[in-house]
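J.: Give me the fold of what follows.
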Amino acid sequence: MSLDYFLGILGPMLEGAQTTLLLFVLSIVTSIPLGFAFTYMVRSRIKLVAWFANGYIYIMRGTPLLLQMLFICFGLPVIPVIGEYLVMDRFVAASLAFTLNYAAYFAEIFRGGLLAIDKGQYEAAKVLGLSRWHTTTRIVLPQMVRIALPAISNESITLVKDTALLYAVAVPELLHFAQTAVNRDFTIMPFVLAGLIYLLMTLVLTLLFKALERKFKFD
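T.: Coordinates of the predicted model:
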């Protein structure tokens with residue numbers, strides 16, 4: 001394979017990688033806060049809220065992400081009466097599915113982080129006269145993030161790889177362009193190049209989270 005061939009397929013694949021990165025960023029930015037909200041809903045004293053949050057987490061973690069994405073893309077529009085108002089751009093629908101799915105996983109990660117914090121710290125904060133807000137933001141959250149960071153890192157790397165599921169709903173991302181080149185040129189090299197691009201993205205994420213872990217470790 002010549003250098004010109006690799007350069008020729010690299011352009012479209014990098015274009016697809018932009019879609020991959022966009023989905024990743026949108027999913028992370030929206031699913032982490034939503035997951036944190038569900039973590040506190042699970043711990044709510046209002047039983048209906050806690051039941052709803054637990055049910056949501058169970059359903060989203062218990063069914064495949066691909067099924068959820070197909071349901072939002074193709075299932076919602078065929079619902080009688082309201083289906084016509086639920087038609088979305090496929091990338092938007094896929095982003096919504098990723099956000100809802102990963103929020104459930106992040107909620108469990110955050111819950112585990114909260115459970116690992118000694119209850120005595122809550123009592124000490126109460127004795128010191130700290131409000132619930134100050135206790136959460138100054139004592140609980142920093143420790144929870146430190147504990148949960150390795151799991152968040154693993155889940156984020158999984159998210160990068162799961163973006164390949166866009167291929168199933170015909171959104172032109174990295175794998176789509178690799179598959180197109182393979183079918184056209186009868187060579188597996190586009191798959192190899194796609195794998196290298198995924199590895200590069202996960203390497204950057206790994207280094208970023210390692211740096212964050214060192215920062216929280218020494219803070």
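J.: the helices in this protein, which residues?
T.: When assigned using DSSP state H, the helices of the chain occupy the ranges 3-42, 47-62, 65-70, 90-115, 119-127, 132-134, 141-162, 174-185, 189-218.
J.: For residue 76, find the nearest of those.
T.: For residue 76, the closest of these is helix 90-115, at 7.9 Å, according to Cβ to Cβ. No exception for glycine: its C-beta is placed from N, CA and C like everyone else's.
J.: quick one: pLDDT of the residue with the largest distance to the centre of the chain?
T.: What lies farthest from the middle of the chain is residue 127; by Cα atoms, centre = their mean that is 37.9 Å. The predicted structure scores residue 127 at 74 on the pLDDT scale.
J.: so how far is residue 121 from it?
T.: Distance from residue 127 to residue 121, counting by Cβ to Cβ, to the nearest Å: 11 Å.
J.: cool, and residue 217?
T.: From residue 217 across to residue 121, the span is 18 Å (Cβ to Cβ).
J.: follow-up on the earlier one: next, the contact list for the residue farthest from the centre of the chain, please.
T.: Residues near residue 127 by Cβ atoms under 8 Å, 6 or more residues apart in numbering: none.
J.: Next: residue 138.
T.: Residues counted as contacts of residue 138 (Cβ under 8 Å, 6+ apart) are residue 130.
J.: can you pull the pLDDT of it?
T.: 75.
J.: Distance check, it against residue 132.
T.: Counting by Cβ to Cβ, the gap between residue 138 and residue 132 amounts to 11 Å.
J.: Where does pLDDT dip in this protein?
T.: Across the chain, the ranges flagged by pLDDT under 70 are 1, 218-219.
J.: Residue 7: neighbour count?
T.: For residue 7, the tally of surrounding residues (other Cβ atoms under 10 Å) stands at 9.
J.: roughly how far apart are it and residue 195?
T.: Relative to residue 195, residue 7 is positioned 18 Å away (criterion: Cβ to Cβ).
J.: contact partners of stretch 22-39?
T.: Outside stretch 22-39, the residues within contact range by Cβ under 8 Å, 6+ apart are 53, 56-57, 91, 94-95, 98-107, 109-111, 114, 152, 156, 159-160, 163, 166, 173, 201.
J.: How about it, which residues are buried there?
T.: Judged by neighbour count (16 or more other Cβ atoms under 10 Å), stretch 22-39 contains these buried residues: 23-24, 26-28, 30-32, 34-36, 38-39.
J.: Ok, stretch 116-132 next?
T.: Of the residues in stretch 116-132, those scored as buried under the neighbour-count criterion (16+ other Cβ under 10 Å) are 117, 122, 125, 130.
J.: what's the third one in contact with, if anything?
T.: Contacts for residue 125 (Cβ under 8 Å, 6+ apart) come out as 134-135, 139.
J.: what's the neighbour count on the nearest residue in space to residue 104 that is not next to it in sequence?
T.: Ranked by Cβ to Cβ, 6 or more residues apart in numbering and with sequence neighbours excluded, the top spatial neighbour of residue 104 is residue 60, at 3.6 Å. When neighbours are defined as other Cβ under 10 Å, residue 60 has 19 of them.
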